[in-house]
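Asker: Attaching a predicted model along with its sequence, questions to come.
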Amino acid sequence: MDGTEPRKLPRVPENLLKKRKKYQGLKAAEAKRALEEKRKLQPGKQIKFKRLETFVRNSRRKMRDDCRSRRMEVYRKKVPNLIKHKLAFVVRITDIEGVSSQVMHIVKMFRLGKIFAGVFIKLTSEAIKKLQFIEPYVAWGFPNLKSVRELIMKRGQGKVDGKKVALTDNIMIEEQLGKFGIICLEDVIHELYSVGEHFIDVNRFLCPFHLSIARHAGINRKGYLTEVGDPGHRGDAINDLIRKLN
């Protein structure tokens, strides 16, 4: 065995090696073209079809908003007396799909991103004009101390480091609002109801209140109107709506 010579590998002609290399290159290019064609033929996102009634409804809403905007420029509405009421609670109770850009801007400014979302606002002449403009989509009125307390106690949430945190810890409230002299939940309620000096800071810290509604009201139109009522200014009757949705 030791005297045997090592086995020699068969030699391949150079022209055959070139043919093999060329063939491999052609196969790689063909595979690349096939992959590109496959990507072109892959279907994209499916087209979402909308019913004709949707376009008609959205068009009518936009025309109504534009008409209201023109009327407000010509006729200056009388602003209600602000001496008695300084605080308002606004609840979005209808869909805003297809509305004008001005309505959408006001709704976003009031942070009413979702249906049945509610916020406190400070009543000024400018705020009332904006409320009158979006009245077909919201219900608003003057909350009493009991309503403010129940909303804060049951559904109050604050934004801490970009996250929603329930208002269950006075230490957290003091850390976030202590620089304004607000150190507990009762201070938050008092600042909101009295529309104090730091109302804007407290309201900015609070997240919009996401209210609930009976199951039948979201399906049945008659039940919806019975549960929520018509949009617009409610005055002191907004407290009844808060009792139903809180």
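Answerer: Now that the structure is in, tell me what you want to look at.
Asker: Tell me if Arg64 really is in a strand.
Answerer: No - counting by DSSP: H, G, I helix; E, B strand; the rest coil, Arg64 is not part of a strand but helix.
Asker: Now it: closest residue in space that isn't a chain neighbour?
Answerer: Leaving out its chain neighbours, the residue that sits closest to Arg64 by Cβ to Cβ, 6 or more residues apart in numbering is Pro136, at 7.4 Å. (Each C-beta comes from the backbone N, C-alpha and C, glycine too.)
Asker: Show me where this structure has its helices.
Answerer: Secondary structure of the chain (DSSP state H): helices at 14-41, 52-74, 101-109, 125-133, 145-155, 170-177, 185-193, 199-205, 221-228, 238-245.
Asker: Worst mean pLDDT among those helices?
Answerer: Lowest mean pLDDT within the helices of the chain: helix 221-228, a mean of 60.
Asker: before we move on, back to that, next, count neighbours for the residue nearest to Arg64.
Answerer: Per other Cβ atoms under 10 Å, the neighbour tally for Pro136 reads 17.
Asker: begin at 775 from here
Answerer: From this message on, residue numbering opens at 775, which makes the last subject Pro910.
Asker: check contacts around it.
Answerer: Listed by Cβ atoms under 8 Å, 6 or more residues apart in numbering, the contact set of Pro910 reads 838, 868, 1005-1006.
Asker: how about the helices of the chain in JSON lines, adding distance to Ser986 and mean neighbour count?
Answerer: Formatted as JSON lines, the helices of the chain follow (distance: least, Cβ to Cβ, whole Å; neighbours: other Cβ atoms under 10 Å):
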{"stretch": "helix 788-815", "distance to Ser986": "47", "mean neighbour count": "10"}
{"stretch": "helix 826-848", "distance to Ser986": "26", "mean neighbour count": "12"}
{"stretch": "helix 875-883", "distance to Ser986": "20", "mean neighbour count": "15"}
{"stretch": "helix 899-907", "distance to Ser986": "23", "mean neighbour count": "16"}
{"stretch": "helix 919-929", "distance to Ser986": "9", "mean neighbour count": "17"}
{"stretch": "helix 944-951", "distance to Ser986": "25", "mean neighbour count": "16"}
{"stretch": "helix 959-967", "distance to Ser986": "21", "mean neighbour count": "19"}
{"stretch": "helix 973-979", "distance to Ser986": "22", "mean neighbour count": "16"}
{"stretch": "helix 995-1002", "distance to Ser986": "11", "mean neighbour count": "14"}
{"stretch": "helix 1012-1019", "distance to Ser986": "6", "mean neighbour count": "18"}
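Asker: Mind checking which of the contacts of Pro910 are in strands?
Answerer: Of the contacts of Pro910, the ones assigned to strands by DSSP state E are Gly1006.
Asker: would you turn the contacts of Pro910 into CSV with distance to His984?
Answerer: Converted to CSV, the contacts of Pro910 look like this (distance: Cβ to Cβ, whole Å):
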residue, distance to His984
Arg838, 27
Thr868, 16
Pro1005, 18
Gly1006, 21
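Asker: From the contacts of Pro910, list the buried ones, please.
Answerer: Listed as buried from the contacts of Pro910 are 868, 1005; burial here means 16 or more other Cβ atoms under 10 Å.
Asker: looking at it, Gly932 is touching Cys981, isn't it?
Answerer: Yes - using Cβ atoms under 8 Å, Gly932 is in contact with Cys981, at 6.7 Å.
Asker: hey, what's in contact with both of those two?
Answerer: Residues within reach of Gly932 and of Cys981 at once, by Cβ under 8 Å, 6+ apart, are Lys938.
Asker: Show me which of the two is the more surrounded one.
Answerer: Gly932 (20 against 17).
Asker: Of the contacts of Pro910, which is the nearest to Glu810?
Answerer: Checking the contacts of Pro910 against Glu810 with Cβ to Cβ, the nearest one is Thr868 at 49.1 Å.
Asker: Since that was my last question, I'll sign off now.
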